[in-house]
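[1] Here is a sequence together with a model predicted from it:
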Amino acid sequence: MPARKLTFESGNYYHIYNRGAGKRSIFHRPEDYLNFLHRFKKNVAKTGAIAIAYCLMPNHFHFLLRQSGEISVGLAVQWLCLGYAKHFNLKYDEQGALFAGRFQAILVSTDAYLLHLCRYIHANPVIADLALTPELWPYSNYLEWIGKRQGTLVDQEFVQQHFPTPERYISYVYAYLSNSRDLPEPLRDYLATL
């Protein structure tokens, strides 16, 4: 595999994502999502990375992470994917690659892009027609962002700095959803009532 051109550096934000090989499901049951999140939390703690936003979907995942030290956030995700793939293949008696190659990573270089990524990540299950609203998808940290769940995979200081009230972030996400052309009909109807 060729070397990654992106260098992970302290203080930078990264959008990291991957999908199942052949777009297959990487989570079959609720406990699979929870296992993945537990592993994610453990590996993020090892590297000192800071979770900003995340969303796990049936066949892919998105993380928005800030590297806070010299240990690469890429290592946290590498360890996560390797450990989870071994667990998944053992649990479901499968073989071969679970993920579609090495995870993708993009340096987030502007504040506008950084904030847009947060709402893009949290809106993912709605646009994919898996949940009517972001609040109804339990496998993201959207509920932590709006103060409806006490989770530890979120940087509350970051949230408060950019969105001092939950209502500000909710409005920001719903403005994006209301402008999306790919919205399922039930969501378009729901947004029309707001």
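    The structure has been received and is ready for your questions.

[2] Now do residue 118 against residue 171, distance only.
    Between residue 118 and residue 171 the computed distance is 13 Å (Cβ to Cβ, to the nearest Å). No exception for glycine: its C-beta is placed from N, CA and C like everyone else's.

[3] so residue 173 sits in a helix?
    Yes: looking at residue 173 with DSSP: H, G, I helix; E, B strand; the rest coil, it is inside a helix.

[4] give me the number of residues near it?
    Burial of residue 173 is recorded as 23 neighbouring residues (other Cβ atoms under 10 Å).

[5] And residue 118 and residue 171? Which one has more around it.
    More crowded of residue 118 and residue 171, by other Cβ under 10 Å: residue 118, with 23 against 13.

[6] tell me the SS of the more buried one?
    helix.

[7] so where is this structure shaky, pLDDT-wise?
    Applying pLDDT under 70 to the chain flags the ranges 1-4, 181-194.

[8] Recalculate using a threshold of 90.
    Judged by pLDDT under 90, the chain has its weakly predicted residues at 1-7, 23, 69, 178-194.

[9] Break down it into its helices, ranges please.
    If DSSP state H is used as the criterion, the helices of the chain fall at 30-47, 73-91, 111-127, 142-145, 156-162, 166-179, 185-192.

[10] what comes up buried for the second one?
    Using 16 or more other Cβ atoms under 10 Å as the burial criterion, the residues of helix 73-91 that qualify are 73-74, 76-77, 79-81, 83-85, 88.

[11] what about that helix, distance to the chain center?
    Relative to its chain's centre, helix 73-91 lies at 15 Å (Cα atoms, centre = their mean, to the nearest Å).

[12] And the residue nearest the centre of the chain, how close does it get to residue 113?
    When Cα atoms, centre = their mean is applied to the chain, the residue found nearest the centroid is residue 54 (2.3 Å). Distance from residue 54 to residue 113, counting by Cβ to Cβ: 17 Å.

[13] before we move on, back to that, and the helices of the chain, which is most packed in?
    helix 142-145 (a mean of 24; mean count of other Cβ atoms under 10 Å).

[14] what packs against that one?
    helix 111-127, helix 156-162, helix 166-179 (3 or more Cβ pairs under 8 Å, 6 or more residues apart in numbering; DSSP states H and E).
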